[in-house]
Every structure is written in C-alpha cells, then in structure tokens.
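here is a sequence together with a model predicted from it:
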Amino acid sequence: MTNMNILSASAHSRLPWLFGALIALAAIWLLADLSLLPTLVAWLPYLASGFLMNILISLLAMVGGTTLGVVLGIFELAPLKLVRYPVVFYVQVFRNAPHLVLIFATTYIFPFEIVVFGHYLPFPDWLKAVIGLAIPTSAYVAEITRGAIQSIATTQWEAAKGLGFSRLQALRWIILPQCARRSLPPWMNLFSSITMGTALASLVGVHELLHAATDASTAVRRLDFTVLAYVVVMTAFFVLCYPISSLTRRLERRLKV
C-alpha cells in the first residue's frame, strides 16, 4: 500500500470519530439549554420534508443522468467523427461546469409554465434543479461508461464476433454487463457527490433541507438554535452519504481482488 493509500484509509477511519465528536458537542449544547429541545422537535417535520426533497432530486438526477450518460459514453467511442466529436465536446464542457451555475442556468432558461394541449402546467424549480444536476451527471457517467468499455479486453469482442454476434449485440449482451460491475464504485461516488450537491438548490428557492434550516433559523432567531439546525443538516447528509461511501470502498476492494 502506498503512502497516499495509507493516508486515505487513515482519513476515512477518522471521519466517523470526528463526526461523532461534532454530534456530541451538539448534544452537549442542547442539554446545556433544554429549552431548545421542544423547538427543535417542533421543526423536525419541516426539516424532514426538506430532506425528502433532497433525496428526490438526487434520485431523479442520477436516473436521468445515468440513462443519458450511458448512451453518450457509447457514442464517445463511435467510429464516425460526426457522432463522436459533439459528444466529446458535451462531456468536456459539462464535466467542468460548476453545478451551481448549471442549476441557476436551468432555473432561468426554462419557463415557469409549459403549455400542453392548451393547458398551462407549472414547471417547478425543483424539477429545474433535477435537470441542472442531471446534466453534469450525464457527463460524468459518459466518461465512466467510456472507460469501462475500453477496459474490456478486445478478445471479448472477437469471441462475440466468432459466435455470430453483431457489434451491437455484443455490446448489449456481453460488454455492458461487465461494464456495469466495473462502473458501480465510481457511480456510487458520483451519487454521493450529487446528493450533497442538492443543497445548492436552496439558492434558487427550492424547499429542501438547507432551505428549511434557514427558514427555521430565521423564525426562531437564536444563535444557538441556528447552530443546532445546521448541525442537523450536516447529520442528515452524513447519515445518507457515509454508508454509500463505505459501501463504495468495500466494493472497490472486492472488485480489485
């Protein structure tokens, strides 16, 4: 194991303890002033409703981004330059675009209402945030897919051809199933990153956890409650994202073996 791997493993092993210390400090703060407890309990349903929005945005962004990204990753390897170059341009642009910029762009580019068969339907901000996060997700998944396909030995393609499979059939039934296994750890890391990035949606008025915590802080107007509310925000994201990160490292070790 290299020094970099040792440092990374050490940092990951200390992370739960550091976060546990943060939670302990918050608990001590809360116990020092028990008047905060009823106030926090009263605001928990409102905070939970915001966190459900975070989960919904992250799931929809990953589903949409993954679906588009797999197709783009295949097109990145297309022999025709007319197909490959626009896809490569898309991937390079949106892999390096700040997520906040994309969320703001989709919020103001798309209309607030859309007309369907003469009926005006609202186009909510949370759905625009989904699109804003699905765009970079698709770019990252495209690169993950491209790398996974290129990691498959060329003998797999040759064997499929020898069995009478067309190139598309070989991709569908032989190559992509192997790519799914190899792509899972980086995909899960991306899922964790996108989940944490959903907090940016609060800046465009989406009612999610950070927005709910800000509302609660503004209503209560106590510094100690404000600190406690943001500790709850960090705790919620930690509880959701840390198991994903731990499972990702476990899968990486298993697949490496």
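Sure thing, it's come through. Residues are numbered from 1 along each chain as shown.

rest of the way, CA atoms for contacts and neighbours
Fine.

so where is the stretch 1-150 of the chain shaky, pLDDT-wise?
Residues of the stretch 1-150 of the chain meeting the criterion pLDDT under 70: 1-34.

in it, which spans are strands?
Taking DSSP state E, counting those that start in this stretch, the strands of the stretch 1-150 of the chain run over residues 113-116, 119-122.

can you list the strands that the first one pairs with?
If I follow you right, that is strand 113-116. Sheet pairing here is set by DSSP bridges, and for strand 113-116 it gives strand 119-122 (antiparallel).

give me the contacts around the partner strand.
112-115 (Cα atoms under 8 Å, 6 or more residues apart in numbering).

so which of those residues comes closest to Ala199?
Using Cα to Cα, Phe112 is the member of the contacts of strand 119-122 that lies nearest Ala199, at 21.1 Å.

how close does the closest one sit to Leu102?
Relative to Leu102, Phe112 is positioned 17 Å away (Cα to Cα, to the nearest Å).

which of these two has more neighbours?
Neighbour totals were compared for Phe112 and Leu102, and Leu102 leads with 19 against 14 (other Cα atoms under 10 Å).

so the more buried one makes contact with Leu133?
Yes. Under the criterion of Cα atoms under 8 Å, Leu102 is in contact with Leu133, at a separation of 7.2 Å.

turn the contacts of strand 119-122 into CSV, including distance to Leu77.
Formatted as CSV, these follow (distance: Cα to Cα, whole Å):
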residue, distance to Leu77
Phe112, 37
Glu113, 38
Ile114, 36
Val115, 38
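
how many residues are close by Pro177?
11.

scratch that, Leu190 is what I was asking about
When neighbours are counted by other Cα under 10 Å, Leu190 registers 17.

please identify which helix or strand holds it.
Using DSSP states H and E, Leu190 maps to helix 176-197.

could I get the full set of helices for the stretch 151-257 of the chain?
Listed in chain order, the helices of the stretch 151-257 of the chain (DSSP state H, counting those that start in this stretch) span 154-162, 167-170, 176-197, 209-220, 223-256.

Leu47 is nearest to which of these?
Leu47 sits nearest to helix 209-220 of all the helices of the stretch 151-257 of the chain, at 5.5 Å, using Cα to Cα.

list the buried residues for the closest one?
Neighbour-count burial for helix 209-220, counted by 16 or more other Cα atoms under 10 Å, picks out 209-213, 215-217.

in stretch 224-236, what's buried?
Buried residues in stretch 224-236, defined by neighbour count with 16+ other Cα under 10 Å: 225-226, 228-235.

Gln50 against His207, yeah?
Rather than Gln, residue 50 is Gly. Yes. The pair Gly50 / His207 is scored as a contact, 5.7 Å apart, by Cα under 8 Å.

which of the buried residues of stretch 224-236 lies closest to Ile74?
Comparing the buried residues of stretch 224-236 against Ile74 with Cα to Cα places Met234 closest, at 37.2 Å.

mind checking how far that closest one is from Cys241?
Counting by Cα to Cα - Met234 and Cys241 are separated by 10 Å.

same check on Pro186?
Applying Cα to Cα, the value for Pro186 to Cys241 is 14 Å.

can you check Leu203 too?
Separation of Leu203 from Cys241 (Cα to Cα) stands at 21 Å.

more neighbours: which of the two?
The neighbour comparison of Leu203 against Cys241 (other Cα under 10 Å) goes to Cys241, with 18 against 13.
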